[in-house]
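Chemist: how does the following fold in three dimensions:
(one chain, ligands or ions: 1)
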Amino acid sequence: MSFASQGFAPEVVKALDECGYEKLTPIQQQAIPVARRGHDIFATAQTGTGKTAAFSLPLIQKLLDSGKSASRKTARALILAPTRELAEQIADNIKAYTKYTPLSVTSVFGGRKMSSQVRALETGVDILVATPGRLEEHIEQGNVSVANIEFLVFDEADRILDMGFIHAVRKIMLDVNTDPQIMMFSATTSSQLNLLAKDILRKPKRIAVERANTTASTVAHVLYPVEQERKTELLSELIGRKNWQQVLVFVNYKETANDVVQELKLNGIKAVVCHGDKAQSARRRALDEFKSGKARVMVATDVAARGLDIEDLPHVVNYDMPFLAEDYVHRIGRTGRAGKRGHAVSFVNRDEELTVVQVENLIQQPLRRIELAGYEPKNRDSYIEKLHTKPSSQRQGRRNNPNQPSTDQAAAERRLAMVRRLKARRTQ
Ligand code: AMP
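Modeler: Numbering: from 1, shown residues only. The predicted model follows:
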């Protein structure tokens, strides 16, 4: 099914052509005709399925058809996204789709000065992409009104709720005086999300491109059992040995992200970091370096990396297993996009095995176990033995190498437990 056959304006079709879009993706095939008929939509769609175009093209066409323009300090269409990165990315995509039209597109999100955003809102904006917290601030200060919006989209609605934006969302909704067409897109579903959908959607059409809570079928899921202390070594080894060129690595803590990047650099692997403590400009620079191939590895936390569009990403590594199985789905959504082959790798210590079971239940398929000699936890005992028999000068592995030689196995065990506790404390 082509975009021209969907009755989009020639300016839009030309822009999509330049984006390299020829045929509609499955979510677009389902959502676009329904949205163009004016229905509310509640869609379950994974990241990377083409959902941005699925919700934005219908509203772009309707805004064009109406022939109206935005009045001062108002928005005509509002798209809410959970993170600044996703908001920026959505705005960038929509700017590309509308480049030959007169429609204006602006994004507002935290971490940037209010003043430049105020200026952009001053003249009125056709399509406003925003994170809920920052938008609430702008509304309170009278910088923009959403009272007359014609379209409202929630992208990654599940994450908007996970991030505690429900109050901001409800406050924003109170300011809406019209009866806008509402589209809600989410990678996963939850009872809280269903409740919000029930509250604000009007007879929504349910759309799901794949079973909810799944990853793309083109992704190979593999798992390496490994001691926590040896994960960075394993990462360096796999990157080098298998010659992985573009690797997105997920960790659970900002401190771990910094540590892993430092150690990769020591091993001669160019790596950048992306987490919430980094300034917006630093995160953008890191993403640009990673996308352009200047950096081979980007180490990120979930919040910072959520929704980032990195095309053709071949490898995603869970350095730490996520706390929630659903986050596995979000992380792995970066690979195997648009029918391409993807590779999802998880490093699993003994304590993380429980999450593996939850992930396998959620995605309804097993993660293939690869036991790499020397790394699997069951080898730990022989590793400890080696520590006893080798002279201290030959002992290897900084993290596994307690400072004092031991005289018995129990003492080595105690020290190992202590190293692990220290490491756990560092990463909290
Ligand atoms: P999204 O799920 O919106 O983040 O889109 C994932 C990726 O697919 C982005 O790089 C889009 O530019 C791309 N994309 C979206 N729709 C199409 C299409 N119809 N044909 C080819 N690529 C697409």
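
Chemist: quick one: contacts for the closest residue to residue 297 other than its chain neighbours?
Modeler: Nearest residue to residue 297 in three dimensions, chain neighbours excluded: residue 271, at 4.0 Å (C-beta to C-beta, 6 or more residues apart in numbering). (Each C-beta comes from the backbone N, C-alpha and C, glycine too.) Neighbour list for residue 271: 260, 261, 264, 265, 295, 296, 297, 298, 299 [criterion: C-beta atoms under 8 Å, 6 or more residues apart in numbering].

Chemist: switch the cut-off to 7 Å
Modeler: Contacts here follow C-beta atoms under 7 Å, 6 or more residues apart in numbering; on that basis residue 271 touches 261, 264, 265, 295, 296, 297, 299.

Chemist: from residue 316, how far out is residue 268?
Modeler: According to C-beta to C-beta, to the nearest Å, residue 268 and residue 316 sit 22 Å apart.

Chemist: these two - which one has more neighbours?
Modeler: residue 316 (26 against 8; other C-beta atoms under 10 Å).

Chemist: now do the SS call for that one.
Modeler: Classification of residue 316 using DSSP: H, G, I helix; E, B strand; the rest coil returns strand.

Chemist: 24 is where my numbering starts, stick with that
Modeler: Happy to do that; since the first residue is 24 now, the last one works out to residue 339.

Chemist: pLDDT below threshold where in the stretch 274-423 of the chain?
Modeler: Residue ranges of the stretch 274-423 of the chain with pLDDT under 70: 329-335, 360-362, 401-423.

Chemist: helices along that one, start to end?
Modeler: Taking DSSP state H, counting those that start in this stretch as the test, the helices found in the stretch 274-423 of the chain are 277-289, 303-315, 325-328, 348-355, 376-386, 403-412.

Chemist: hey, which of these is tucked in deepest?
Modeler: Burial of those is given as mean neighbour count (mean count of other C-beta atoms under 10 Å); helix 348-355 ranks first at a mean of 23.

Chemist: got the angle between it and helix 376-386?
Modeler: Taking axes from the mean of the first three to the mean of the last three C-alpha atoms, to 10 degrees, one finds helix 348-355 and helix 376-386 inclined to each other by 70 degrees.

Chemist: and helix 348-355, what does it pack onto?
Modeler: With contacts taken as 3 or more C-beta pairs under 7 Å, 6 or more residues apart in numbering; DSSP states H and E, helix 348-355 sits against helix 325-328, strand 338-341, helix 376-386.

Chemist: three-state assignment of residue 142?
Modeler: helix.
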